[in-house]
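Enquirer: here you go, sequence then predicted model.
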Amino acid sequence: MDKIYLDNAATTPLADEVIDAMVGTMKMNFGNPSSTHSFGQEAKILIENVRRQVADYLHVTPAEIIFTSCGTESNNMIIKSSVEHLGVERIISSPLEHKCVSESILDMKSRKGVEVNYIRPNEKGDIDLNKLEELLKSSDKKTLVSLMHANNEIGNIVDIKKIAALCKVYNALYHSDTVKTMAHMKFDFSDTLVDFASCSAHKFHGPKGVGFAFIRKATGLKGIITGGPQERSLRAGTENVAGIVGLGKALELCINNMEAYAAHIREIKEYAIERLSAEVPHIKFNGRSGEMENSVDSVLSVLLPYKNPLIGLQLDMKGIAISQGSACSSGASKPSMVMMMVLSEDEMDHCTPLRISFSHLTTKSDIDALANALKEISSDYTIEKTNVEHR
C-alpha cells in the first residue's frame, strides 16, 4: 500500500541534500568545535558559516543567532530568562500558543509570581491588537509579549511588525514563536523589531534535534543552560555540528526555492478545499485556514460534521497520515486549547477536527486519496447540518 504523508506541520521529510550534507559532516568533521586544533576549528568554521547564513536571512548580526536543540528549547530559554535575568514581571500572551510557550509562562507564574494576561481570540482565532494595546497601557510593570507568528493548528497569521511596533511604544519586549513560518517566508528583523524568535529545523525539511533562537543583542538576555562558553555563553554544551549543517542546507534550499514551493503549496491547499468541500457535505474549515489570506498555506484545519474519535486511525489504516491537532498534544484525551477557543460547545460535542498539512512534496493525487477516504468514512454517518453551529 502506498503511503501518503499529510502531517507536515508535525515534521517534514528530510531533503536528500540535507542528508548528504550531514553524512559528509559526520564523516569528515567530527572534531569538537571548542578544540583549538585543526579538527575542532574545521567544525567551528562550519557552525559559524551557518550562523552567518541564518543572520543574513533574518537581516541581523551573527552574534544574535544562538543554536539550540529545537523550538521548544528556544522558547523556554527566551521566556524563562526574560523573567530570571531581564526583570520581566508580567507576560501578555494568548490561549493559542504552543504548549512549550504556554507551559513556560505558567511555570514563571507559579515559581516567580509573574502576572499573566491573556488576549482571548475571536471565533476565527484572530488576536485583537487593540486589546493588546489596552493591556500594554494598563501597567508599568516590565512586560514580555509572547504571541506566535502563525498558529500550528489553524494557520492564522498575526502581524508581527505591528505587534513589535506597539511593544516598542510601551517599552515591552516581544517574543514570537516563528517555528511554523521560519524558512517558509521572508523576514527582515532589521525592520520588524521583534526582540526574540524561535526556529526548529525539522519544520522545513531539516533534521530533528536542532534549531535556533534569535536574541536581539540589546536585550541582554542570558542563558539558562550553563557550564561552558558555547553559543556566546548563552547555551552551554557541545554543538550538534552535523545538525547545524543540516539546518543550514535545509534553509538554503527553502530560500532558493521559496517562491516555487509557496506557489505549489498554495495550489495544493486550494485544491484540497475544493475536493473536501465536494466530497464531505457541511465540512467546515477552522480559523482562517480555509482562506487564502491571513493564514499559512501549508495548514488546513477541518471540522467533520460528525463525531469520530477513531478517524486518525481509520485514515492511517488506509495509508494516509494526518493529525487531529498539534503533534505535542496528539496523545491527549481532550481537544487542544486552540480547538476549544475556535469551536462552539456544540461543535466540540458533535464534530471531529482534523489538521491536514502540506509541503512542496504533496501532490493532487494525495489530496484525491484523502478526499475519497473521507467520503467513504463519512458515508457511515448521518449528517444533520442543523446539529452544528457553523460560524
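Expert: Arrived safely.

Enquirer: per-residue pLDDT of the residue nearest to residue 378 when sequence neighbours are not counted, please?
Expert: Spatial nearest neighbour of residue 378, excluding adjacent residues (Cβ to Cβ, 6 or more residues apart in numbering): residue 280 at 5.2 Å. In this view, the C-beta of every residue, glycine as well, is placed from N, C-alpha and C. Turning to residue 280, the model gives it a pLDDT of 95.

Enquirer: what distance do you get for residue 280 to residue 361?
Expert: 24 Å (Cβ to Cβ, to the nearest Å).

Enquirer: please identify which of the two sits among more neighbours.
Expert: residue 280 (20 against 16; other Cβ atoms under 10 Å).

Enquirer: pull the contacting residues for that one.
Expert: 304-305, 371, 374-375, 378 (Cβ atoms under 8 Å, 6 or more residues apart in numbering).

Enquirer: other residues contacting stretch 214-229?
Expert: 34, 58, 60-61, 63-66, 76-78, 80-82, 84-86, 173, 189, 193-199, 231, 233-238.

Enquirer: now swap in stretch 115-124 and tell me
Expert: 89-96, 105-106, 109, 127-128, 131-132, 135, 139, 141, 147, 156, 287-288, 341-342, 344, 391.

Enquirer: restricted to strands, list the residues you listed.
Expert: Using DSSP state E, the subset of the contacts of stretch 115-124 located in strands is 90-93.

Enquirer: circling back to that earlier point, derive a ChimeraX selection command for the buried subset of the contacts of stretch 115-124.
Expert: The command below creates a ChimeraX selection of those among the contacts of stretch 115-124 that count as buried (16 or more other Cβ atoms under 10 Å):
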select :89,90,91,92,93,94,96,105,127,131,132,135,147,156,287,288,341,342
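
Enquirer: out of the contacts of stretch 115-124, list just those in helices.
Expert: 105-106, 109, 131-132, 135, 341-342 (DSSP state H).

Enquirer: reformat these as a markdown table; add distance to residue 349 and pLDDT.
Expert: Putting the ones in helices among the contacts of stretch 115-124 into a markdown table (distance: Cβ to Cβ, whole Å; pLDDT from 0 to 100) gives the following:
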| residue | distance to residue 349 | pLDDT |
| --- | --- | --- |
| 105 | 29 | 98 |
| 106 | 27 | 98 |
| 109 | 31 | 98 |
| 131 | 29 | 98 |
| 132 | 32 | 98 |
| 135 | 32 | 98 |
| 341 | 16 | 91 |
| 342 | 15 | 92 |
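
Enquirer: does residue 302 count as helix, strand or coil?
Expert: strand (DSSP: H, G, I helix; E, B strand; the rest coil).

Enquirer: residues in contact with it?
Expert: 276, 283-286, 289, 353-356.

Enquirer: between the residues you listed, which is closest to residue 44?
Expert: residue 355 (39.8 Å; Cβ to Cβ).

Enquirer: please list the outside residues in contact with the helix or strand harbouring that closest one.
Expert: Secondary structure from DSSP states H and E places residue 355 in strand 352-357. With Cβ under 8 Å, 6+ apart as the test, strand 352-357 has contacts from 6-10, 153, 272, 286, 298-304, 306-309, 311-312, 322-326, 335, 339, 343, 370.
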